[in-house]
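Visitor: Model the structure of this input:
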Amino acid sequence: MSTEDHHYFVYIIASRSRTLYIGVTNDLIYRLRQHREGKADSFTTTYRIHRLVYFERFQWIDKAIAREKYLKHFLRQEKVDLIQSTNPTWTDLAEVYFPAYPSGKADPPLREG
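Guide: Below is the predicted model:
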């Protein structure tokens, strides 16, 4: 398998109250499943952060990691503007792969990861 077959993703997921989390992975669907099942990170589990609202694809892991670090230094409004530039309604971009997330209790207060 050549490096041309590999893809890396920088992604932003959000809770219903728009608490944000930025991550990087080489398997976006698998990673989103981990977030949805509460197996990925205690922060995303605690704040019910599981809706894919933005992602970028890269061929090289070093470029993806650099972009993730860059985005993590954005001010919150810059992150919101980036999301809204391609997804103004904050639609869950992964809803075609997963059933609707149960709406049980309300999300915890707004936090940013």
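Visitor: Please make it C-alpha for all contacts and neighbour counts, starting now.
Guide: Noted.
Visitor: so Phe9 sits in a strand?
Guide: Yes. Inclusion of Phe9 in a strand is indicated when DSSP: H, G, I helix; E, B strand; the rest coil is applied.
Visitor: Identify the bridge partners of it.
Guide: Bridge pairing for Phe9 (DSSP bridges) gives the partners Thr25, Arg57.
Visitor: Could you check how many residues crowd around it?
Guide: Phe9 has 23 neighbours, counted by other Cα atoms under 10 Å.
Visitor: wouldn't it be in contact with Leu52 here?
Guide: No. Under the criterion of Cα atoms under 8 Å, Phe9 makes no contact with Leu52, lying 11.8 Å away.
Visitor: which residues in this structure form strands?
Guide: Assigned by DSSP state E, the strands in the chain fall at 8-14, 20-25, 51-58.
Visitor: quick one, which of these is packed in tightest?
Guide: strand 8-14 (a mean of 23; mean count of other Cα atoms under 10 Å).
Visitor: contact partners of that strand?
Guide: For strand 8-14, the external contacting residues (Cα atoms under 8 Å, 6 or more residues apart in numbering) are 20-28, 49-61, 64-65, 67-68.
Visitor: Could you give me the buried positions within stretch 22-36?
Guide: Judged by neighbour count using 16 or more other Cα atoms under 10 Å, the buried positions of stretch 22-36 are 22-26, 28, 31-36.
Visitor: So for it, mean pLDDT?
Guide: Confidence over stretch 22-36 (mean pLDDT, whole number) is 94.
Visitor: now that stretch, how far from the centre of its chain.
Guide: For stretch 22-36, the gap between its own C-alpha mean and the chain's C-alpha mean amounts to 7 Å (Cα atoms, centre = their mean, to the nearest Å).
Visitor: now stretch 8-22
Guide: Here stretch 8-22 shows a centroid-to-chain-centroid distance of 3 Å under the convention Cα atoms, centre = their mean.
Visitor: Who are the packing partners of the lowest-mean-pLDDT helix or strand in the chain?
Guide: For the chain, scoring each helix and strand by mean pLDDT, DSSP states H and E identifies helix 42-46 as the least confident one, at a mean of 87. Contact analysis of helix 42-46 by 3 or more Cα pairs under 8 Å, 6 or more residues apart in numbering; DSSP states H and E lists helix 28-36 as its packing neighbours.
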